[in-house]
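Undergrad: Can you look at this prediction? I've put the sequence above it.
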Amino acid sequence: MKRTVFPNRWLPYLLVLPQMLVTIAFFFWPAGKSLYLSVFKSPPFGGRDVFIGLDNFVALLTDRDYYDSVLNSFVFAAGVTGLSVVGGLLIAVLANQKIRGLAFYRTALLWPYGIAPAVAGIIFLFIFHPAYGILPYFLSFVTTYEFNWLLKGWVAMALVILATSWTHLGYNIAFFLAGLQAIPTSVMEAANVDGAGAVRKFTAIIVPLISPVTFYLVVVNMVFAFFNSFGVIHAVTHGGPGNATEIMVFKLWKDGFVGLNLGSSAAQSVILMAVVIGLTMLQFRFAEKKVTY
Amino acid sequence: MLPFTSRGLQAVALVVAVVALPGVAVARTEISWWHAMTGALGDAVDAQVKQFNESQNDYEIKPVRKGTYPETLTAAIAAYRQKNPPHIVQVFEVGTQTMMLSGAVYPVWELMRDNEIKIDWNDFIKPVVGYYTKDGKLYSMPYNSSTPIFYYNRDAFKKAGLDPEKPPRTWPEVEAYARKIIAAGGAKCGFSTGWPSWTMVENMHATHDQPFASRHNGFDAVDGVELLINREFGQKHIGALAAWQKDNVYSYGGRQGTADPKFVNGDCAMYIQSSAVISGFSKSIKFDWGTGELPHWGAPYKKATSIIGGATLWVLKGKPAAEYKGVARFLEFLAKPEQQMWWHVNTGYLAISNTAVRNLEQGYHFVKNPKQYTAFAQLTGLPPTPPAAMKDAKKTAPPKPERVTTPNSQGLRLGNFVQIRDIIESELENIFGGKKSVKQGLDEAVAKSNALLKEFAATYRP
């Protein structure tokens, strides 16, 4: 890489200043504020902030419900990442073939990504709701098992994973399509000449060659599942039944904005941030070694 | 040249008009009011505000919808912390204790005293005013109040050979009716519930004269309050629901109003939900339906009045003193019997002054709309059927109260109540879903809630 040397000492700082300002205003300042709030106990309307050190963290780390929400988050993130990355890859491979109406399919596949998570949640609510959903109605003809996610935790979890994966599928497909297009045709032609079947080509050529894309998507999807999945949970299950779908970001919101416990909510956001930073670092340390650029 | 000059004149005239316009508006002091009323209720708020704004020239109420109840409260808190709160904010009943102890509130009794406005609060229905009164003084202005009542599908009753004019009045009757209706194909499930904690735990304890929490349901103190819902009565009632859930006598339908469709589309023949949905149900339900009082377990429990839900208007501190006169005038306006009547007729929320209720009776309102009478009767303890009319009522003896009002049925005043409700509803789901036994679930709900109550007391301890 070529190193640029600026003649003026201050120019480089001036050039990065806008970026720094944005980062400070929208990242460091709020994050710092969270950190500050997390060591205080304060009544909702303020006035009497009491410094309590790490008590908010201690309270969380000795609360079984909090561990439940951490576990839920990991199950949820693993489910969403697995489903939307694998699903996205399979659909992208299909959409990469030369078929009639290709342009339309490719565009249509991106649509779900344009739907806000909350709206996606509402859509799934209308399809799956035990009281007025269309799917339970049809299912009642084939099975007597009630997929009542208002009371069955695993059904609720499966439902929010499905809904969230669906909203993120389009994004993954777009990236995989780009990755697939970048695979040199000469490699694929060579494989054809060697008589490789579709499965063989997929496992021996496509998967390794798009591993950078896959790696990127796994990281992004995971972060998305941890942070950005609030809308679906809020619209569909509200964390229930019991606390079966209460993931960390939802509990954080609930304790802060409904329960008005800002200190605990801030502490939770600090922990969540640490978890996601930690996970991302782990992925870069270990998974990236398996990626061929 | 002439057209040019005339255009110039027009411009000058325009500038004068624009400058003069705000001058007119400034004469009216703006009073901001943040609320959480959506849809038809939001329209009713706007219409009521319009009546007030047109009734005088000094003040202009500006209502702003801020989302759900929790969102409205959070927005008001954020604004208060930024030192720019609205004058008035609508807060749901579970936020009462938080508001009372916030130090951010200009209590209504004080506001009225300071502005020399006299309102006869004794004319207001006690269970409503009592919920928001401390040491005999009213802290917030009751606005939209409701109470849970019983709804039933008359068509399903007829199909099962039951008297469509006689809703069940006891829980054993509810069970027997449910089984008959399911057997006769009148509905798939017996009954469902909205707002599970409010209808099935809070109000069941109140109507059976059972304490929900210690220290007089939290009215007497902030310290040392503990939940009592895992005692004999709580276990009996929730145990019955859990058992009924297994064979569809009861069918859990989620929190808040998510179970409404179960009743509206005919799946469940009976339903327990806020009296405030009557007007909505009148529009959406296609079959013949009626209302009744909340079922009771009978002796040895006393039959007591139910408790309210809904929201009140809180006046926040931090505005220029002169503007509070307008706030006081607006609250005085809302307390007028004709406004109470208007609000009741247009929204289905309760008319909460006795004068308003008497006026409605004289206008045969309850005779024409008996469903609207159920909640009023249940809150005041009167029999659930409306008196024929005032004229006829004079000849007969006044109706004898069927329910007593006790300290247990006055209301609930708990800190962190929003989370406590959430905990109770989570544990109910665990119980109904079979994940926990009745005792386990209720014990857990109590333990978790007690921790929150303790934390709340610690936050506000002087």
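TA: Looks like it arrived, so ask away. Numbers count the residues shown, from 1 in each chain, chains lettered A, B, ... in the order given.
Undergrad: leaving aside the residues next to it on the chain, what's closest to A:F176?
TA: Computed as CB to CB, 6 or more residues apart in numbering or on different chains, the closest residue to A:F176 that is not its neighbour in sequence is A:A92, at 3.4 Å. For glycine as for every other residue, the C-beta is placed from the backbone atoms N, C-alpha and C.
Undergrad: helices or strands up against whatever helix or strand the one you found lives in?
TA: For A:A92, the host element (DSSP states H and E) is helix A:64-95. Packed against helix A:64-95, as judged by 3 or more CB pairs under 8 Å, 6 or more residues apart in numbering or on different chains; DSSP states H and E, are the following elements: helix A:102-110, helix A:153-182, helix A:211-227, helix A:248-253, helix A:262-286.
Undergrad: Return the most buried member of these.
TA: Mean neighbour count (mean count of other CB atoms under 10 Å in any protein chain shown) peaks for helix A:248-253 among the helices and strands packed on helix A:64-95, with a mean of 23.
Undergrad: Is B:I272 in contact with B:P167, as I believe?
TA: No. When contacts are counted by CB atoms under 8 Å, B:I272 is not listed as touching B:P167 (11.2 Å).
Undergrad: okay, and the common contacts of these two?
TA: Here B:I272 and B:P167 have B:F150 as joint contacts, going by CB atoms under 8 Å, 6 or more residues apart in numbering or on different chains.
Undergrad: related to what we said a few turns ago, buried ones in the helix holding A:A92, by neighbour count?
TA: By neighbour count on 16 or more other CB atoms under 10 Å in any protein chain shown, the buried set for helix A:64-95 is A:66, A:68-70, A:72-77, A:79-81, A:83-85, A:87-89, A:91-93, A:95.
Undergrad: what's the angle between that helix and helix A:153-182?
TA: On the basis of axes from the mean of the first three to the mean of the last three CA atoms, to 10 degrees, helix A:64-95 is oriented at 40 degrees to helix A:153-182.
Undergrad: Show me what the mean pLDDT comes to for helix A:64-95.
TA: Averaged across helix A:64-95, the pLDDT comes to 93.
Undergrad: repeat for stretch A:252-259
TA: For stretch A:252-259, the mean confidence score works out to 89.
Undergrad: wait, does it contact chain B?
TA: Yes. On the criterion CB under 8 Å from any CB of the partner chain, stretch A:252-259 is in touch with chain B at A:K254, A:D255, A:F257, A:V258, A:G259.
Undergrad: burial count for the last one?
TA: I take that to be A:G259. A:G259 is flanked by 21 other residues according to other CB atoms under 10 Å in any protein chain shown.
Undergrad: residue contacts, it?
TA: By CB under 8 Å, 6+ apart, the neighbours of A:G259 are A:S265, B:N416, B:V418, B:Q419, B:D422.
Undergrad: ok, and the closest non-adjacent residue to the closest residue to chain B within the stretch 51-200 of chain A?
TA: Nearest residue of the stretch 51-200 of chain A to chain B (CB to the nearest CB) works out as A:L151 at 3.7 Å. Leaving aside its chain neighbours, A:L151 sits nearest to B:G433 (3.7 Å; criterion: CB to CB, 6+ apart).
Undergrad: residue contacts, that neighbour?
TA: Contact partners of B:G433, counting by CB under 8 Å, 6+ apart, are A:L151, A:K152, A:G153, A:P241, A:G242.
Undergrad: Please tell me how far the last one sits from chain B.
TA: To chain B, A:G242 is 4 Å away according to CB to the nearest CB, to the nearest Å.
Undergrad: Secondary structure element for the closest residue to that residue other than its chain neighbours, which one?
TA: Once flanking residues are discounted, A:G242 sits nearest to B:N430: 4.3 Å by CB to CB, 6+ apart. Per DSSP H and E, B:N430 falls inside helix B:417-432.
Undergrad: doesn't the residue of the stretch 51-200 of chain A closest to chain B fall inside a strand?
TA: No. With DSSP: H, G, I helix; E, B strand; the rest coil as the criterion, A:L151 is assigned coil and is not in a strand.
Undergrad: That one reaches B:G253, doesn't it?
TA: No. Counting by CB under 8 Å, A:L151 stays clear of B:G253, with 9.8 Å between them.
Undergrad: Can you tell me the centre-most residue of chain B?
TA: In chain B, the residue lying closest to the centroid (CA atoms, centre = their mean) is B:G310, at 2.1 Å.
Undergrad: Am I right that it is in a strand?
TA: Yes. Looking at B:G310 with three-state DSSP, it is inside a strand.
Undergrad: Near chain B, which residues of chain A? Just list them.
TA: For chain A, the residues in contact with chain B (CB under 8 Å from any CB) are A:41-47, A:65, A:129-132, A:150-153, A:238-243, A:254-255, A:257-261.
Undergrad: For B:L452, give its distance to B:V446.
TA: B:L452 sits 11 Å away from B:V446 when distances are taken as CB to CB, to the nearest Å.
Undergrad: Kindly report the same for B:G363.
TA: Relative to B:V446, and taking CB to CB, B:G363 is found at 47 Å.
Undergrad: and those two? which has more neighbours close in?
TA: Higher neighbour count among B:G363 and B:V446: B:V446, with 22 against 14, using other CB under 10 Å.
Undergrad: check contacts around the more buried one.
TA: Per CB under 8 Å, 6+ apart, neighbours of B:V446: B:E226, B:L227, B:L228, B:I229, B:N230.
Undergrad: tell me which parts of the stretch 1-150 of chain B are close to chain A?
TA: B:P70, B:E71, B:L73, B:T74, B:I77, B:Y80, B:R81, B:T98, B:L101, B:S102, B:G103, B:A104.
Undergrad: doesn't B:Y59 make contact with B:F330?
TA: Yes. Between B:F330 and B:Y59 there is a contact under CB under 8 Å: 6.9 Å.
Undergrad: Quickly list what's touching both of the two.
TA: Common neighbours of B:F330 and B:Y59 (criterion: CB under 8 Å, 6+ apart): B:I31.
Undergrad: Of those two, which one has the most company?
TA: Counted by other CB under 10 Å, B:F330 and B:Y59 do not tie: B:F330 has more neighbours, with 24 against 21.
Undergrad: Assumed that one was part of a helix.
TA: Yes. Under three-state DSSP, B:F330 sits within a helix.
Undergrad: Look up how far A:N192 lies from it.
TA: Note on B:F330: its distance to A:N192, by CB to CB, is 80 Å.
Undergrad: again with A:T203
TA: Taking CB to CB, one finds A:T203 at 15 Å from A:N192.
Undergrad: same deal with B:R231?
TA: Applying CB to CB, the value for B:R231 to A:N192 is 76 Å.
Undergrad: Get me the contact residues on the stretch 251-400 of chain B for chain A.
TA: Within the stretch 251-400 of chain B, the positions adjacent to chain A are B:Y252, B:G253, B:G254, B:R255, B:T258, B:A259, B:P261, B:K262, B:N265, B:D267 by CB under 8 Å from any CB.
Undergrad: quick one: which of those residues sit in helices?
TA: Members of those lying in helices (criterion: DSSP state H): B:P261, B:K262.
Undergrad: what about the strands in the stretch 301-450 of chain B?
TA: Ranges of strands within the stretch 301-450 of chain B are B:309-315, based on DSSP state E, counting those that start in this stretch.
Undergrad: quick revisit: closest to B:E110 among the residues of the stretch 251-400 of chain B next to chain A?
TA: B:R255 (35.9 Å; CB to CB).
Undergrad: Contact partners for the nearest residue to the closest one once chain neighbours are set aside?
TA: Excluding the flanking residues, the one nearest B:R255 by CB to CB, 6+ apart is B:E425, at 5.3 Å. B:E425 makes contacts with A:G240, B:P196, B:S197, B:R255, as judged by CB under 8 Å, 6+ apart.
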